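Undergrad: Okay, here's the prediction I keep looking at, along with the sequence it came from:
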Amino acid sequence: MAKTGYGKRPAGDEPPHADADFAHLPPREAELAAFIDELPTGAAMGHKVIAAEHPRYGQQAVRTAMSRLTDAGHLRWVKEHLTVEDHTMRWVTRTYWSRLRRSEEWWAGFVQARHGRDVTHDHQPGLARADEPEPEAADAEPDPAEAPEEPEASEEPSAAHRTLAELRAADPRMALSEAECEALEPLAAEWLARGATPAELTHALTAGLPSPVTNPGGLARKRLESKMPPKPPAKTRPKTRVTRAVFVCGLCEEPETAVPLINGLCAECRAECGLDEAGPPPGVVPAAFLPDLRPVEPPVDVEARADEARRAAGLPARKRPR
């Protein structure tokens, strides 16, 4: 899974994938675009991670290809300033992917629409930079195949068991047997799980006792069940809104407030990836890849050259039939 903040995030609703989606791209960029498009939301979008997963291209090739995908309008990195209702603030960086080729004007409108957006329930793995781990869903059921092995029984009694066993010290009338402590332990453990302290549990079981107590185990069970504290309310995330959003360079992460960006990249990174270099027209082979061209020499008169060689050797020229 992606490091929080750099995971893939869709830029908006788009039609289903079609073969012509990336036809305008060179072969390498089209192949990587199709690869990225198939990644799930939240998947890592760093060039090193993608290079490790892709079978054909290395880190430098993927980095250059991603810069060209950014230049073509498929990728943008946006830094958003979040304000939480508890008056805390932070910056998060989000990576947006669009299967459709988007213009600079479209992306500018997209970022403008992020201002004031309620993102309370929009924080998912890979969508906002944060150091803390994602909380697990309360209603998520564990996978039986991944269930950890049950630990060996410990000789140390639980806090619930100890509290029940120590009731006799608080009031001798509530002296419980070992069997009664084991039978009542689940109820006492639920009390503690709902926020009660051992002292509060002891007070609930010993305050206002009748005299005499003929059945301490039955009285304890009745009080544990009838005075059970309520479940604590579920923790809710504080309301969070985007108060500012700016583009950052897709390679060096410099914000647009510090350096001008052209199609999502700063001038230095564009030059590094050769995006602004003027190349030859399509179909023209650069001169560096052409073979050396030598001047064409006139045809050699073999008979005349042979006569010159005979004269140089003092031999008469050979008579040839006319």
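TA: Perfect, thanks for sending it. Numbering: from 1, shown residues only.
Undergrad: all contacts plus neighbour counts: C-alpha atoms, from now on.
TA: Fine.
Undergrad: mind checking the end-to-end distance for stretch 232-249?
TA: Using Cα to Cα, to the nearest Å, one end of stretch 232-249 lies 45 Å from the other.
Undergrad: Let me fix that, I meant to ask about stretch 228-246.
TA: Stretch 228-246: ends 52 Å apart by Cα to Cα.
Undergrad: what does stretch 231-247 give?
TA: For stretch 231-247, the end-to-end distance is 45 Å (Cα to Cα).
Undergrad: In this model Thr120 seems to touch Pro238, though I could be wrong.
TA: Yes. Using Cα atoms under 8 Å, Pro238 is in contact with Thr120, at 6.8 Å.
Undergrad: Who has more neighbours out of these two?
TA: Thr120 (16 against 13; other Cα atoms under 10 Å).
Undergrad: OK, contacts around the more buried one?
TA: Taking Cα atoms under 8 Å, 6 or more residues apart in numbering, we find Thr120 in contact with Arg237, Pro238, Lys239, Thr240, Arg241.
Undergrad: Assign it to helix, strand or coil.
TA: coil (DSSP: H, G, I helix; E, B strand; the rest coil).
Undergrad: residues contacting the residue of the chain most remote from its centre?
TA: Farthest-out residue of the chain from its mean C-alpha position, per Cα atoms, centre = their mean: Pro316, at 92.0 Å. Residues near Pro316 by Cα under 8 Å, 6+ apart: Arg310.
Undergrad: Check the spacing between it and Arg310 real quick.
TA: According to Cα to Cα, Pro316 and Arg310 sit 7 Å apart.
Undergrad: show me where pLDDT drops low in the stretch 1-150 of the chain?
TA: For the stretch 1-150 of the chain, the stretches flagged by pLDDT under 70 are 1-6, 122-150.
Undergrad: ok, which stretches of it are strands?
TA: Ranges of strands in the stretch 1-150 of the chain, per DSSP state E, counting those that start in this stretch, are 8-10, 75-84, 89-97.
Undergrad: my guess is Val248 meets Pro255, correct?
TA: Yes. Shown here, Val248 and Pro255 form a contact pair, counting by Cα under 8 Å, at 4.1 Å.
Undergrad: and those two? which has more neighbours close in?
TA: The neighbour count for Val248 versus Pro255, taken as other Cα under 10 Å, is higher for Val248 (25 against 20).
Undergrad: number of nearby residues for the residue nearest to Glu104 when sequence neighbours are not counted?
TA: Nearest non-adjacent residue to Glu104, counting by Cα to Cα, 6 or more residues apart in numbering: Asn263, 6.4 Å away. Residues contacting Asn263 under the criterion other Cα under 10 Å number 23.
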